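Undergrad: Here is the input, now give the coordinates:
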Amino acid sequence: MACIPSSNRLPDAADDQHVIHLIKDEVVGISLIASVGFISALSVTALLSYVAINYVKILRAPGEGSRKLIRTNIDALILNLLVAELIMALGAIMNIHWASKGEVSCGQACDAQGALQYIGETSVALFTIAITLLTFISVVRGWAIKARVWVWGSIMAAAWAYVALWAGIGGTWGGFYAPGAPWCWISAEYAEYWTSAQSVWLWIAGFGSILLYIPLFLLVRGNIKWDPVVGWASLKWRWKGEYGEDSNRLLWYPLGYITLVPVAILNWISYGGVYTSRTVRFTIVAIFNLSGVVSVGLILLARTNVLRLDYRSQKDARPQHTNNPLLSEDYLKEEAEDSTGFGGVRVMNPRDSSAMKQTVDRQGAL
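TA: Down below sits the predicted model:
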């Protein structure tokens with residue numbers, strides 16, 4: 001059934017299912033979601049502005065140091081993640097339009113919000129998955145995936161093409177975006193497409209981050225010993241970790257990305273016809289739209305070297321130290337930065353092989 005814009009309906013038309021008249025609690029709820037979206041947008045914009053200003057300083061700085069903004073695969077993916085967060089936040093901010101009207105109806109605004117929310121939410125999930133996988137592979141194998149334009153470019157192109165195709169093609173179908181929650185989203189008539197278009201990626205991003213970052217925490221902390229050169233025979237467990245303070249930052253990832261899980265569950269049961277109270281629904285969606293704030297917080301807390309955030313002018317430069325020799329970046333040279341593949345503090349897999357010990361010895365001598 002086509003979604004008929006309210007401006008095209010006759011006053012006595014019987015298609016009132018295409019408009020949702022908002023009660024006071026719903027106006028308050030979507031206003032809260034819009035406010036949260038604004039906070040996320042402000043956080044992401046502030047970080048991107050700082051990155052831009054900082055990069056201008058790098059370009060103007062004297063000397064022959066690296067001028068590259070994208071030094072690792074993770075740098076490029078995090079930049080795309082921030083853009084996705086901004087798109088998602090704009091979709092939430094559009095709820096101000098419905099709050100001011102007191103109703104949600106079909107039309108260009110509805111289609112725009114549906115497309116923005118789908119593109120933003122799904123691309124956030126896709127780039128979250130990509131960052132998690134690259135980080136996991138880099139740590140487990142003991143060294144990072146070499147930074148290459150074709151690596152991060154392929155991931156970026158595939159993610160944006162996927163969401164653009166679904167948003168564009170879906171938008172040509174009658175009633176693909178419709179009032180429903182109460183805001184505009186993929187219509188219940190197309191619920192089966194929603195599963196493959198978005199739901200599966202939210203589940204993978206949420207639970208995948210939890211399942212992968214916790215082993216990484218134990219690996220970097222020293223509880224798990226694993227040498228990729230030796231193989232499974234090297235796998236060991238130690239109850240007492242060696243580098244707790246430095247590895248604790250990895251715990252922020254599963255805690256942060258767990259915000260993706262409740263909204264996936266909410267959408268799933270809503271399409272299944274299960275009733276959820278307005279309070280629960282608005283609370284879950286508001287938390288979900290804090291995703292931009294969460295991503296910015298994770299970058300500032302745990303990935304302080306991405307997008308040249310670690311840059312300091314020569315007069316302000318100070319050596320950085322860490323208790324974990326395998327997390328230390330003191331030994332890194334400028335020309336080696338593009339090979340880390342992990343845009344935060346260099347995380348390596350603590351290995352027991354002689355080759356690894358020799359590497360650490362050389363690092364300690366620098």
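
Undergrad: Does Gly222 touch Lys236 like I think?
TA: No: contact criterion CB atoms under 8 Å: Gly222 and Lys236 do not qualify, at 10.2 Å. C-beta: built from backbone N, CA, C; applies to glycine.

Undergrad: Among these two, which residue is more densely surrounded?
TA: Taking other CB atoms under 10 Å, Gly222 and Lys236 do not tie; Gly222 has more neighbours (17 against 11).

Undergrad: Quickly note the distance from that one to Arg238.
TA: Using CB to CB, to the nearest Å, one obtains 6 Å as the distance from Gly222 to Arg238.

Undergrad: Also Phe288?
TA: Using CB to CB, Phe288 is found at 37 Å from Arg238.

Undergrad: Which residue ranges of the chain form strands?
TA: Ranges of strands in the chain, per DSSP state E, are 19-21, 103-105, 177-179, 184-186, 224-225, 236-237.

Undergrad: and of those strands, who's closest to Leu81?
TA: strand 184-186 (21.9 Å; CB to CB).

Undergrad: Packing partners of the closest one?
TA: On a contact count with 3 or more CB pairs under 8 Å, 6 or more residues apart in numbering; DSSP states H and E, strand 184-186 meets helix 108-141, strand 177-179.

Undergrad: Let's see that with 10 Å instead.
TA: On a contact count with 3 or more CB pairs under 10 Å, 6 or more residues apart in numbering; DSSP states H and E, strand 184-186 meets helix 95-101, helix 108-141, strand 177-179, helix 191-194, helix 260-271.

Undergrad: In the fourth one, which residues are buried?
TA: With burial defined by 16 or more other CB atoms under 10 Å, the residues of helix 191-194 counted as buried are Ala191, Tyr193, Trp194.

Undergrad: Could you dump those residues into JSON lines with pLDDT and distance to Thr122 added?
TA: JSON lines is the format used below for the buried residues of helix 191-194 (pLDDT from 0 to 100; distance: CB to CB, whole Å):
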{"residue": "Ala191", "pLDDT": "76", "distance to Thr122": "16"}
{"residue": "Tyr193", "pLDDT": "79", "distance to Thr122": "12"}
{"residue": "Trp194", "pLDDT": "76", "distance to Thr122": "10"}
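
Undergrad: now the helices for the stretch 151-300 of the chain?
TA: For the stretch 151-300 of the chain, the helices defined by DSSP state H, counting those that start in this stretch cover 191-194, 200-221, 244-247, 252-257, 260-271, 278-288, 291-302.

Undergrad: Quick check: which helices or strands does the biggest helix by length in the chain pack against?
TA: Counting by DSSP state H, the longest helix found in the chain is helix 24-60. Helix 24-60 sits against helix 73-93, helix 95-101, strand 103-105, helix 278-288, helix 291-302, with contacts defined as 3+ CB pairs under 10 Å, 6+ apart.

Undergrad: Out of these, which is closest to Val151?
TA: Proximity to Val151 (CB to CB) singles out helix 73-93 among these, at 5.2 Å.

Undergrad: tilt between that closest one and helix 291-302?
TA: 150 degrees (axes from the mean of the first three to the mean of the last three CA atoms, to 10 degrees).

Undergrad: Counting by contacts, list what helix 73-93 packs against.
TA: Contacts defined by 3+ CB pairs under 10 Å, 6+ apart place helix 73-93 against helix 24-60, helix 108-141, helix 149-172, helix 278-288, helix 291-302.

Undergrad: Now the last one: average pLDDT?
TA: For helix 291-302, the mean per-residue pLDDT is 90.

Undergrad: Next: stretch 83-95.
TA: 97.

Undergrad: Just the CA atoms of it, as CSV, please.
TA: This file holds the C-alpha atoms of stretch 83-95, laid out as CSV (Å, rounded to 0.1, in the frame of the first residue of the first chain):
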residue,chain,number,x,y,z
VAL,A,83,30.6,10.8,9.0
ALA,A,84,28.1,8.0,9.5
GLU,A,85,27.5,9.1,13.1
LEU,A,86,26.8,12.6,11.8
ILE,A,87,24.2,11.3,9.3
MET,A,88,22.6,9.2,11.9
ALA,A,89,22.4,12.2,14.3
LEU,A,90,20.7,14.3,11.6
GLY,A,91,18.0,11.7,11.2
ALA,A,92,17.3,11.9,14.9
ILE,A,93,17.3,15.7,14.9
MET,A,94,14.5,15.7,12.2
ASN,A,95,12.1,14.6,15.0
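
Undergrad: re the thing from before, of the helices of the stretch 151-300 of the chain, which is nearest His21?
TA: Closest of the helices of the stretch 151-300 of the chain to His21 is helix 278-288, at 14.1 Å (criterion: CB to CB).

Undergrad: Tell me where the model's unsure across the stretch 201-350 of the chain.
TA: 226-235, 237, 239-251, 253-255, 257-258, 260, 264, 267-268, 270-275, 313-350 (pLDDT under 70).

Undergrad: re earlier: which one, of the helices and strands packed on strand 184-186, ends up nearest to Ser31?
TA: It is, among those and with distance given as CB to CB, helix 95-101, at 4.8 Å.

Undergrad: Show me what the closest one packs onto, helices and strands only.
TA: The helices and strands touching helix 95-101, judged by 3+ CB pairs under 10 Å, 6+ apart, are strand 19-21, helix 24-60, strand 103-105, helix 108-141, strand 184-186.
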